[in-house]
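Peer 1: Let's see this in three dimensions:
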Amino acid sequence: HNIMAYRYQAEGGLQYSDNDEDGEDGAGSKLAHLLELGGWNDVIVVVSRWYGGIHLGPDRFRHINNAARTVLEDGGFVSSKNTGTGASGCASGKAKKGKKR
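Peer 2: Reported below is the predicted structural model:
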């Protein structure tokens, strides 16, 4: 499974975000939620997961989010000090007006 989420702010303050779960029910929306809570823009994150014989159950979401956060931190997109106050986004893929700063 290749779970993906992205979030960016376009000209005019429009916020765009979407996700794809690739058969991993709920995982894409949880990645999108992570990006929203962090208030992170202009990023796309993809986490690949395959079944290795052990059922992880709901724990898989924690592993997927931890992998995404680690990659974003290592890539310089996320500071470990970022507490993630977040801006309002929309995980449905539809545009939403952003707040002017």
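
Peer 1: could you list every residue that touches G12?
Peer 2: Contact partners of G12, counting by C-beta atoms under 8 Å, 6 or more residues apart in numbering, are absent. Just so you know, the C-beta spots here come from the backbone N, C-alpha and C atoms, and that holds for glycine as well.

Peer 1: What does the pLDDT read for it?
Peer 2: If you check G12, the pLDDT there is 91.

Peer 1: Kindly report the same for C90.
Peer 2: Per-residue confidence at C90 stands at 32 (pLDDT).

Peer 1: go on, G93?
Peer 2: Reported pLDDT for G93: 36.

Peer 1: where's the residue nearest to V71 when sequence neighbours are not counted relative to G13, distance?
Peer 2: Distance criterion C-beta to C-beta, 6 or more residues apart in numbering; nearest residue to V71, sequence neighbours excluded, is V45 at 6.5 Å. According to C-beta to C-beta, to the nearest Å, V45 and G13 sit 23 Å apart.

Peer 1: do G28 as well
Peer 2: G28 is 25 Å from G13, where distance means C-beta to C-beta.

Peer 1: The two: which is more packed in?
Peer 2: Taking neighbours as other C-beta atoms under 10 Å, G28 and G13 compare with G28 leading, 23 against 12.

Peer 1: hey, which helix is longest across the chain?
Peer 2: helix 59-74 (DSSP state H).

Peer 1: which parts of that one are buried?
Peer 2: R60, F61, I64, N65, A67, A68, R69, L72 (16 or more other C-beta atoms under 10 Å).

Peer 1: for stretch 4-22, same thing?
Peer 2: M4, A5, Y6, R7, Q9, Q15, Y16, S17, D18, N19, D20, E21.
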